[in-house]
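Trainee: Sequence isn't available, so here's the structure alone:
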């Protein structure tokens, strides 16, 4: 985790696999830049909380699809456990 702080708590480091997927899609990249640090943290935690590589990969794919459809946070997830 990144040691930087936001008003809502820690700012998480964007994992390489997730970063590459975001950067490969210009629309998602623009939305990612526009969402709040808290929303980014929730997407990052949702992806990285997967226990299996297959689940993590699927979450990246599903997450990017959700962002393309207008979702700004993961759906049906309790949220980032690092919130302060």
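Mentor: Happy to help now that I have it. Everything numeric in this text was worked out from a predicted model, so none of it was measured.
Trainee: ok, now which ones touch the one residue sitting closest to the centre of the chain?
Mentor: Nearest to the mean C-alpha position of the chain, counting by CA atoms, centre = their mean, stands residue 43 at 2.3 Å. By CB atoms under 8 Å, 6 or more residues apart in numbering, residue 43 lies in contact with 18, 63, 67, 73, 74. Glycine gets a C-beta too; all of them are placed from N, C-alpha and C.
Trainee: Next, the last one: phi, psi?
Mentor: Phi and psi for residue 74, reported as degrees, to the nearest 10, are phi -60, psi 140.
Trainee: quick one: it and residue 49 touch, right?
Mentor: No: using CB atoms under 8 Å, residue 74 is not in contact with residue 49; the gap is 9.9 Å.
Trainee: if you count what's nearby, which of these two comes out ahead?
Mentor: Each of residue 74 and residue 49 has its neighbours counted (other CB atoms under 10 Å); residue 74 has more, 22 against 15.
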